[in-house]
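*Asks:* sequence and predicted model, in that order:
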Amino acid sequence: MLEIALDGAIKTKIMYKAYLSFPQLKEYLAVLEEKGLLEYVSTDNEYRTTDKGKHFLKMYKDVGQMIFPNSKKK
């Protein structure tokens, strides 16, 4: 979800790209907003990954590369 919202995304785009049901989407959005990883920009009616979220995403990818060094980068 954080990757999908890097450049901003509406709920529908996030839901379909992350293969989530609407109840799952609402729950995950609430958690990510609460943790400060995602923010809702009301002027654009979309969600965006925060700087904290971008940092988390980078760390997540780095750990994945350490665990699976031969896997392809996405």
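*Replies:* Everything's here; your move.
*Asks:* alpha carbons only for contacts and neighbour counts from here, please
*Replies:* Noted.
*Asks:* give the buried residues for stretch 12-27.
*Replies:* 14-15, 25 (16 or more other Cα atoms under 10 Å).
*Asks:* same question for that stretch, mean pLDDT?
*Replies:* Averaged across stretch 12-27, the pLDDT comes to 97.
*Asks:* before we move on, back to that, quick one: which of the buried residues of stretch 12-27 is nearest Thr50?
*Replies:* Ile14 (15.4 Å; Cα to Cα).
*Asks:* so who does that closest one touch?
*Replies:* 1, 4-5, 25 (Cα atoms under 8 Å, 6 or more residues apart in numbering).
*Asks:* report the distance from the host helix or strand of Pro23 to the chain centre.
*Replies:* Pro23 belongs to helix 22-34 when assigned by DSSP states H and E. Remark: helix 22-34 is offset 11 Å from the chain centroid, using Cα atoms, centre = their mean, to the nearest Å.
*Asks:* other SSEs contacting the helix or strand that that helix is followed by?
*Replies:* Downstream of helix 22-34, the next assigned helix or strand under DSSP H and E is strand 38-41. When contacts are defined as 3 or more Cα pairs under 8 Å, 6 or more residues apart in numbering; DSSP states H and E, strand 38-41 packs onto helix 22-34, strand 46-49.
*Asks:* pipe those into CSV and attach distance to Lys58 per row.
*Replies:* Converted to CSV, these look like this (distance: least, Cα to Cα, whole Å):
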stretch, distance to Lys58
helix 22-34, 16
strand 46-49, 12
